[in-house]
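Participant: Just the structure for this:
(3 chains)
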Amino acid sequence: MALLVDMRNIVKVYSNGVVANNGVNFQIEKGEIHAIVGENGAGKTTLMKILYGLEQPTSGEIYIKGEKVEFKNPIDAMNKGVGMVHQNFMQVPSFTVAENIVLGHEPTEHLFLDKKKSIEVTEELSKRYGLFVEPTAVTETINVGMRQRIEILKILYLGVEILILDEPTAVLTPQETNDLFKAVRVLVEQGKTIVFITHKLREVKEISDRVTVMRNGKIMGTLPTSEATRGGLARMMVGREVFLDIKKTKMKRGKSVMAVKELSFVSDTGRAMLRNVSFNLYEGEILGIAGVEGNGQTELVEVLTGLRNPAAGLASVGKNVVTGKTPREVRMAGVAHIPEDRLTNGLAVSASIDDNLIVDRFFEPPIRKGILIDYDEVEKNGEEMIAEFGILTPNGQLPVSSLSGGNMQKVVVAREFSSSPKILIAAQPTRGIDVGATEFIREQLVEKRTDGAAILLVSADLAEVMSLSDRIITMFEGEITGVFPDASKIKEEELGYYMLGVKRQSEVEMEALL
Amino acid sequence: MKIDLVLKGVFSALFLASIMRISTPLILPALGGLITELSGSINIALEGVMLTSAFTGVVVSAFTQNIWLGVLGGIVAGILFSALLAYFHLYLETNIILAGTALNIMATGGTIFLLYVLTGDKGNSSTLASGMVPVVVIPFIKDIPFLGTVLSGHNIFVYIAIVLTFLIHILLYNTKFGVHLRAVGENPIAATSLGIPVKKIKFTAILISGFLASLGGLNLSMAYLSLFQREMTAGRGFIALAAVYLGGRTPWGTFLAAILFGAADALSTQLGTLDIPSQWVSVIPYAITIIALVVYGIRRKAQIVEQTRRFQERELAKVNNNQS
Amino acid sequence: MKKFFSNPAVREVLRIFIAVGAALSLGFIVTLFVSEDPVGAYKAFLLGPLSKFNRFGDWIEESITLILVGLSVAVAFKANLFSMGTEGQLLLGALVSGSIALFVPLPAVLRIPLAVIGAMVAGFAWGWIPGYLKAHLDANEIVSTLMLNAIALKIYDYFLIFHIKADDAGYNASDFFPKEGTFQSFIPNLPFLEDVYTLFSDKTNITIMVYVLIIAVIAAYYLIFRTPFGYKLRMVGANIKFARFGGIDTKKTIILVFAISGIFGGLAGAHLTMGIHTKLIANISVGMGFEGIVVAILARNNPLLIPITGLAYGYLRAGANVMERSSDMSREMVFVIQALIILFVTAERFLPTIQKRVEERKENNTHTEKLAPSDGGSHED
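Facilitator: Residues are numbered from 1 along each chain as shown, chains lettered A, B, ... in the order given. From the prediction side, this is the model:
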């Protein structure tokens, strides 16, 4: 088959030093369905963003049909026939389906819109590629599957030949996924080429012709799907992690401090993100949740910390139910939370470091003195935190925005740890921060656990999960697929199977261990 | 009986005709507010635009003794004034409310100041021989009983307002520009991803809004009245914004909402003769706007709750089926 | 040298100076064209309030109103809530306090505090409404407060015209307030202060409201920066999601912020009636509420700086009055200058425009990594 896209020696280094792509050679043949798999941080999304023009490579070249190209923005890429179907739909909710599909390049008759033509074009494209949509339906009323088809039809309208689908089934129900695959096959019949990014190995086997595995910014291999097994792919994806040198004394865990019973959650778009999740969290342990992002971990954390209400089930700390309550009530029950998005939830960037450190205790003594806040105490608290957690700043009155990413996270950690919580929920605690801060935070987590706290660790960094956790739970598609009571005894590949849904423990097996 | 007289007055053709005239200086800036609102900006400076154009129209028409040059002058002044707002907001990144408020203050003070400089009078421009735009008498229609009085014989701005509402509807829903404008207002990220120039469109929207509002201002000083009076806009620029919301952010909705405000105004004067305080009536549209806000908010909340409930029912049923 | 100028606080002050300077210069240029004696006129403008005692008094009185409306706006804006409602709160505060001053038969020592409290309650209530709508229904606060302003004006006019004004009055105004309902001079009439008293009370009409004002400023400062409520206010303003995450009841906070903003607005109304006009008149305030926005913005919503910007703004207004009385320039020119100042100061890119462009060009060459995605969905890779 002809070589359609040839990406040579792509290197992408971000300004904070992270090497997202490290000399990647990637080729796409015309008319194929090519899957790219890898864990979070593997570099697959970055590579596609470069192909799509959203990012520019630090070095390396791209050739399309033998012609060297440079994409400064997505419009350039679309002009050369490369289009991306985003996870976040780029649609105007109040417009009709047809209007969204032709947006930006509407057919006109003289000065006016040719609305009939828009509908005709939509129907024609829809029929040709087997992507069913209702041209006159209002976009915000239709289901997610159709909204995704709008995104696909949009780029087809612009004449792309290569369609990049970024985790397309992440938002779809199983039925919708089937419909999507049918459509993908039709697209290929019609001469299009498809690249899709995913971590769902079942789907890779079902739909793709070839599959490329990426890990740590490099390509581990490309092979015809017929020759790949899910287990083999999992092994390539997960590989042999470098074990982090974290000193951890063996702990005998205490009693259960949090009981999660049959927790279910449905997203705003109607998808079940958590399905009957149950487990216990014990004193003196770090329970790690291993899984590729998007399998319900985020929602689990949100439900357990009062940011969202579950659809069913509950979690309780002792006698107190903590689900369906306000964040304040959850905190009062002894639960602290390091959020996965520190800039959105964990910090008020324009406020001072001192102020950020007291959001969970400003209404109680010693910070509160009578009807006022004792700012001497606040400053003292700040000084102590800064010293104890090694936050690099001349003083605590400066705004958080003056800190580096790692130090910002230290502020979050300092606050959450210092409240002496019974339970600490840490989501992606070392994401996007420097090595020094990362080491420090991991040590702190272990220390807290040795002191008797119960820690729930959610992390897309498998090495981190394996090194820090005492016990590991794997999550896939909103369900717990496996429990491993001794993290030191499990191999990455094994975990990989459970994380990627290749293997699954039975209810009976898990019950005793949860 | 006094009530009889009033009722007769209210249901008279003259009264309905007066509603048309009173509403026009609300319809025009409201249409302007609609355009910017749909493009994603709140044009809080409509008041200032109207004052600027009202003043400029009077001055230019007096000095050139040409009505149409006056109108042109007013329009140009209004557009330039809006360009200032657009520049400060889009290119110097000033918060639009602050920039708009500043410009309103500048217009209020500036027009009085220049009025004084040019006429030595701070109250109005009566010493200037400014003009009034012509009144349009529609043949045939003018002879229809009742309707004739209502529809014919207004100043041109009344008819312009109706025609413009129609044109704006076409602009927004039947042209590429209109579609792009609405896309920019609702989802600028989507618009950018498709190559639509967001800033340029927002800028243009503010200019168009200025054009429309300046027609409203000219209406005040060259049709409704025949001179410029200090602060003559009397808050119409803000009522215009309310009309946009009350009208559900559509051209004809805005038109009707503006007429509602105008009608309440007209009615309140009529009822003054009945010893009913005019305030009780003139307050109605404002109260309605707030009620509309409340109703809208409650409905949206209810919708979200309902949808969540339906999704949960469906998915939980599936989950439970799998388990059992 | 470069380091000195890159200190943000220095840049801020510099920016304000340049803005004010530019605006004043532009004003002078206009005066050159318009006035027969531009230098004299501008001198009256710039030095007027200091030239005579009663002018000084006017300046202070005017500034008190401005500072109060500035505080009202600042309280809301600091929480990132764009309340335009000060105008309406002011009107109702004036109405309530004026009515009490006129009609409640109590001795001054009771009547006046009652009137002031009444104004504060009226302002609180009128602020509570849009607060509740915003917190529980996410209603656009700009529209709701503008509407409430208009409604407040109707209520004010209605009561003034139909219940308060004397039947034989020629125009829409109440009688003058009796002595029991008027603020006294801020210097008490005590024997050992006689000279000071004569000096101030004859020449100026500065009232005891000055003391109320000082208390208000300090109270506002403490409220915002030293109380738990103020902490909630500031965190809601800095990042409402963080506030919620941290456990703050944002709905309750939003409602209280609007309501407290209303208290200051109401106080401003009390001052207008009982201090400045000593009666209720139509058009008692034309856009004072909006000028509060200017005062607050220039002070970056900091209650301690608001007296300064309020006095500065008030100085310009008083100077414009003097200029009008003693030259051929009309006082409205000051509005143009004020507007220019606002525009220049709030244009975030005004001073740093050139510098920012240079920096941005440098930044485009080294791309910065996006931290954890906040639009949810696309997984960092």
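
Participant: dump the residue contacts of A:G60.
Facilitator: A:7-11, A:21, A:23-24 (C-beta atoms under 8 Å, 6 or more residues apart in numbering or on different chains). (C-beta placed from N, C-alpha, C; glycine too.)

Participant: pretty sure B:A13 is in contact with B:K142, am I right?
Facilitator: No. Counting by C-beta atoms under 8 Å, B:A13 stays clear of B:K142, with 11.6 Å between them.

Participant: Now for those two: what residues contact both?
Facilitator: B:G148.

Participant: do the host helix or strand of C:V20 and chain B meet at all?
Facilitator: Remark: C:V20 resides in helix C:8-34, with elements defined by DSSP states H and E. Yes. Using C-beta under 8 Å from any C-beta of the partner chain, we find that helix C:8-34 touches chain B at C:V34.

Participant: Just the buried residues of that helix, please?
Facilitator: C:15-16, C:19-20, C:22-24, C:27-28, C:30-31, C:34 (16 or more other C-beta atoms under 10 Å in any protein chain shown).

Participant: what does stretch B:48-68 give?
Facilitator: For stretch B:48-68, the buried set under the neighbour-count rule, 16+ other C-beta under 10 Å, comprises B:48-62, B:67.

Participant: Tell me who's in contact with residue 275.
Facilitator: Answering for chain A, as no chain was given. So A:R275 contacts A:264, A:296, A:477-479, B:319, B:322 (C-beta under 8 Å, 6+ apart).

Participant: I was thinking of chain C, sorry if that wasn't clear
Facilitator: C:61, C:64, C:183, C:205, C:207, C:209.

Participant: secondary structure class for the nearest residue to the second one once chain neighbours are set aside?
Facilitator: Think C:I64. Nearest non-adjacent residue to C:I64, counting by C-beta to C-beta, 6 or more residues apart in numbering or on different chains: C:L213, 5.1 Å away. What DSSP: H, G, I helix; E, B strand; the rest coil gives for C:L213 is helix.

Participant: and if you look at A:E340?
Facilitator: Recorded secondary structure, A:E340: coil (three-state DSSP).

Participant: Ok, A:I286 next?
Facilitator: Classified using three-state DSSP, A:I286 is strand.

Participant: Can you list the low-confidence ranges for the stretch 51-200 of chain C?
Facilitator: Applying pLDDT under 70 to the stretch 51-200 of chain C flags the ranges C:169, C:189.

Participant: my guess is B:G32 contacts B:I206, does it?
Facilitator: No. Between B:G32 and B:I206 there is no contact under C-beta under 8 Å: 9.1 Å.

Participant: Between these two, which has more neighbouring residues?
Facilitator: B:G32 (35 against 27; other C-beta atoms under 10 Å in any protein chain shown).

Participant: Dihedrals phi and psi, that one?
Facilitator: phi -60, psi -40 (degrees, to the nearest 10).

Participant: so what's it up against?
Facilitator: Neighbouring residues of B:G32 by C-beta under 8 Å, 6+ apart: B:43, B:46, B:49, B:208-213, B:216, B:240.

Participant: and which of the contacts of A:R275 is nearest to A:E439?
Facilitator: Set against A:E439, the nearest of these by C-beta to C-beta is A:G296 (28.9 Å).

Participant: For the closest one, grab the count of nearby residues.
Facilitator: Look at A:G296: counted by other C-beta under 10 Å, it has 27 neighbours.

Participant: my guess is it meets A:E477, correct?
Facilitator: Yes. With contact defined as C-beta under 8 Å, A:G296 counts as touching A:E477 (7.2 Å).

Participant: centroid residue for chain C?
Facilitator: C:G70 (2.2 Å; C-alpha atoms, centre = their mean).

Participant: still on that earlier bit, could you tell me which ones among the contacts of B:G32 also sit near chain C?
Facilitator: When contact is defined as C-beta under 8 Å from any C-beta, these do not meet chain C at all.

Participant: Just put these in JSON lines and tack on pLDDT.
Facilitator: Formatted as JSON lines, these follow (pLDDT from 0 to 100):
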{"residue": "B:N43", "pLDDT": "94"}
{"residue": "B:L46", "pLDDT": "96"}
{"residue": "B:V49", "pLDDT": "97"}
{"residue": "B:I208", "pLDDT": "97"}
{"residue": "B:S209", "pLDDT": "97"}
{"residue": "B:G210", "pLDDT": "97"}
{"residue": "B:F211", "pLDDT": "97"}
{"residue": "B:L212", "pLDDT": "97"}
{"residue": "B:A213", "pLDDT": "97"}
{"residue": "B:G216", "pLDDT": "96"}
{"residue": "B:A240", "pLDDT": "93"}
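
Participant: Any chance of the residues you listed in CSV with distance to C:M120 and secondary structure as columns?
Facilitator: Formatted as CSV, the contacts of B:G32 follow (distance: C-beta to C-beta, whole Å; DSSP: H, G, I helix; E, B strand; the rest coil):
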residue, distance to C:M120, secondary structure
B:N43, 34, coil
B:L46, 33, helix
B:V49, 36, helix
B:I208, 44, helix
B:S209, 39, helix
B:G210, 40, helix
B:F211, 44, helix
B:L212, 41, helix
B:A213, 37, helix
B:G216, 38, helix
B:A240, 33, helix
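
Participant: Of these, which is the nearest to A:P429?
Facilitator: In terms of C-beta to C-beta, no member of the contacts of B:G32 lies closer to A:P429 than B:N43, at 45.4 Å.

Participant: separation between the closest residue to the closest one other than its chain neighbours and A:K218?
Facilitator: Leaving aside its sequence neighbours, B:N43 sits nearest to B:T36 (C-beta to C-beta, 6+ apart; 4.0 Å). B:T36 is 51 Å from A:K218, where distance means C-beta to C-beta, to the nearest Å.

Participant: Of the two, which one has the most company?
Facilitator: Legend: neighbour count by other C-beta under 10 Å for B:T36 and A:K218, higher for B:T36 (31 against 17).

Participant: quick one: what helix or strand has the more buried one in it?
Facilitator: B:T36 belongs to helix B:13-39, assigned by DSSP H and E.
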